[in-house]
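S.K.: Predicted coordinates and the sequence they were generated for:
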Amino acid sequence: MKRNIILSLLTALLMACAFPPFRTGFVGWFALLPYFMLLEDKRAGEGLRWSYLTGLFICITTLYWIGHVTQAGFVGAILIIPLYLTLYGLFHIGLRRQFGGKAWLILPFLWVAIEYLQSRSELAFPWNYLGYTQSYYTPLIQYAEYTGIWGVSLWVMLLNVLFWQLYRNGKERCRRRLLIGALGVLLFLPLLQGGLVLQRQPQAGRPVTVALLQGNVDPFEKWAADSDEKNLALYEAMSREAAAAKPDLIVWPETALPFYLRGETLYLQRFEHLADSLGVPLLTGSLDYQFANEKEYTYYNAAFVAEPGSSFLQVYRKIRLVPGSERIPYRDYFPFNHLKDWLSDLALGVGDYGRGEEYTVFTTRHAGRPLRFSTPICYDSAFPDLVRRFVAGGAEFLCIITNDAWFGRTSAPAQHSQFAVFRAIENRTPIARCANTGISCYVDAYGRVSQRTTLYSKAILNGTLSVNRRATLYTRRGDWFALACVILALAGMGGAVINYRWRRRAHSARP
C-alpha cells in the first residue's frame, strides 16, 4: 500500500514539474515510469483503483488552480478527469496480459487515442496533454505542423516507454545498446528536423503591426455595477497612446467591455467613434445576446471588431465554453438541466453562456488590401481543430484574447499562454495574444515568443507579425494523426480480444 501511494504521488509530482511554468519539459520524458511500475503487478480491479488515484493526484498537482475560478468546476474536474487515466490503466493491464512485452508497441497509440477522446465531448478539458510539456522546446516540436499536438504526445510517450524498457532490461548488454540507440534516434530526429525548418524558413511575409492593450483590471471590480464607464475610459486612453505607433490593429482583451456592447447605444457609439478618430480597427472582448422569442434570449462571450468608416460591427461568439464555469455540460439533458439551476442557485460561479456556431474570420483593410484574422477567445485556444478551422477558413493571423486574472498567481496563466506556441506551429500562423492581466505576447509561425509581459502589470505592446500564408498538412487534414492512433489502438485491443478467446478455446480443448 505504502509503495503504491509513493509511486502514485511521484508520478503526479513529475508530471507537475514537466508542465509550464517550469521549463523542465524533459522531465516528461520519464514522468510515467513510476506509473508503469505501479501497474506492473496489478490485476484489472487494482489497476482501476490505483490509476484513478494517480489521475486524481495528477489533476490536483497540475490543475489545482481551477478552484480559483469555480468550485463546482474543480469538483467536477477531480471527479471526471482521472477517469481517462483509469481507462488507460485498464487497457494497459489487459494488453500486457495478452501480448506481454509486445504490448508496449501499442500502448503509446492508446495513450494518444485517449487524449483525443478527452477533447471530443462537452466535458472536454484538453489542458494537460503530454505534448504540452515540450512547449518551451521549439526546435523539438516543429513537426507539429504535420501531426498537431498529438504527434508530440506520442513522441513523449515513446520516450517514456523506451526509458522503461531500459530500466527493466538494461542489464542485458545487447538490448541495452539497442534501447540507448533507439532513444538517441528518437531525440535526434525531431531536433534535426526542427533545426532544418528553423534554418530554412521562408522569407518574411507582409508585416502587420498589432497593438496589444493589457489593462490589468481586477476581475471582481470589472464586473461591478458602476465599472462600465471606468473600463471603457481606460481602454480609450490606452488606445490613443497605442495609436501613436500607427498599428494596423488595436486589440483589447477578453470582456474588456463587460456589458452587452450592441445593447448599450452610447458606449457603442463611443467605441465606433474611437476607431474612426484613430483611423485604426479596434478588436475588443465583450458580451453579446440573441433573442429566441420575446421573453427568452441567449447570451454569449464574444469579440467585436469596429473598422474606421464602417457602421457594421463584426462579431465572433465563443465556441468552446469551460465546463462547469461558463456552461453546464449536457445542460439540455436530464439530470443536467436540473443540475444547472441548482448550481446557479448555490452561486458556485457557474455560467450559462450560449455556444457560438460560426468560425468567424474578421476582415479589415491594410495598405489597401484586405486583412483577414480570427479571434479564438480564451478556452478556444486549447482546441487544435477549432483553431485550425479559422486558418483553413482564410485567417492570415490569429488574435487570442483572454482574461486569466481569475487564475491568480498560479501556474494556469503560463500553461494557457503556451498553447499559442502549438497553435502557431500547427498552422504556421503568427499569433498576437492579448490578456487582461498577462500573459500577453507575440508568437511567430515557428512558435517563438517575443515581448512576453509579466502578470498583473499594465502594458501596451506594439509588435509586428509576419503574415505569409502557407497551409500546413495539419491545417488541411486536421486530426488525421490522432485518428490514426485511434485506429491502431482499436486494432490492438481487437487483437487482444481475439487472442484471449483463442487462448480460452485452446485451454478448453485440452483433454
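M.R.: Thanks, I have the structure now.
S.K.: Find me the pLDDT at the residue nearest in space to the middle of the chain, would you?
M.R.: Nearest to the mean C-alpha position of the chain, by Cα atoms, centre = their mean, lies residue 382 at 2.1 Å. Residue 382 carries a pLDDT value of 97.
S.K.: Return the residues in contact with it.
M.R.: 126, 127, 320, 416, 419 (Cβ atoms under 8 Å, 6 or more residues apart in numbering). (Each C-beta comes from the backbone N, C-alpha and C, glycine too.)
S.K.: I'd like those residues laid out as a markdown table, including pLDDT and secondary structure.
M.R.: Converted to a markdown table, the contacts of residue 382 look like this (pLDDT from 0 to 100; DSSP: H, G, I helix; E, B strand; the rest coil):
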| residue | pLDDT | secondary structure |
| --- | --- | --- |
| 126 | 92 | coil |
| 127 | 93 | coil |
| 320 | 94 | coil |
| 416 | 97 | helix |
| 419 | 98 | helix |
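S.K.: For residue 394, state which of those is nearest.
M.R.: Of all the contacts of residue 382, residue 394 sits closest to residue 320, with 20.2 Å by Cβ to Cβ.
S.K.: how many other residues sit next to that closest one?
M.R.: 23 (other Cβ atoms under 10 Å).
S.K.: Ok, the one 3 residues further on next?
M.R.: One way to gauge burial is a neighbour count; for residue 323, by other Cβ under 10 Å, it gives 22.
S.K.: now it: how far from residue 234?
M.R.: 31 Å (Cβ to Cβ, to the nearest Å).
S.K.: Please apply the same query to residue 441.
M.R.: Distance, residue 441 to residue 234, using Cβ to Cβ: 21 Å.
S.K.: Residue 93 too?
M.R.: 56 Å.
S.K.: Could you do residue 118 as well?
M.R.: 38 Å.
S.K.: Show me which of the contacts of residue 382 is closest to residue 253.
M.R.: The shortest approach to residue 253 among the contacts of residue 382 belongs to residue 416, at 12.8 Å (Cβ to Cβ).
S.K.: In space, what's closest to the closest one - neighbours in sequence excluded?
M.R.: By the measure of Cβ to Cβ, 6 or more residues apart in numbering, the closest residue to residue 416 outside its immediate chain neighbours is residue 404, 5.9 Å from it.
S.K.: Over to residue 376?
M.R.: Using Cβ to Cβ, 6+ apart, the nearest residue to residue 376 is residue 400, at 5.2 Å.
S.K.: Number of residues surrounding the one you found?
M.R.: 28.
S.K.: Determine how far the lengthiest helix in the chain lies from the middle of the whole chain.
M.R.: Once the chain is assigned using DSSP state H, the helix that runs over the most residues is helix 480-508. Relative to the centre of its chain, helix 480-508 is centred 31 Å away, using Cα atoms, centre = their mean, to the nearest Å.
S.K.: got it, and stretch 220-228?
M.R.: With Cα atoms, centre = their mean as the basis, stretch 220-228 stands 29 Å off its chain's centre.
S.K.: Any idea how far apart the tips of it sit?
M.R.: 13 Å (Cα to Cα, to the nearest Å).
S.K.: ditto for stretch 455-469
M.R.: The first and final residues of stretch 455-469 sit 32 Å from each other (Cα to Cα).
S.K.: What segments of the stretch 351-500 of the chain are strands?
M.R.: Under the criterion DSSP state E, counting those that start in this stretch, the stretch 351-500 of the chain contains strands at 362-366, 369-374, 397-402, 431-435, 441-443, 449-450, 459-467.
S.K.: and the fourth one, C-alpha only, in CSV?
M.R.: Think strand 431-435. Output of strand 431-435 as CSV, limited to C-alpha atoms (Å, rounded to 0.1, in the frame of the first residue of the first chain):
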residue,chain,number,x,y,z
ILE,A,431,-0.4,34.9,-33.2
ALA,A,432,-0.9,38.0,-31.1
ARG,A,433,-2.1,37.1,-27.6
CYS,A,434,-3.8,39.8,-25.5
ALA,A,435,-4.6,39.1,-21.8
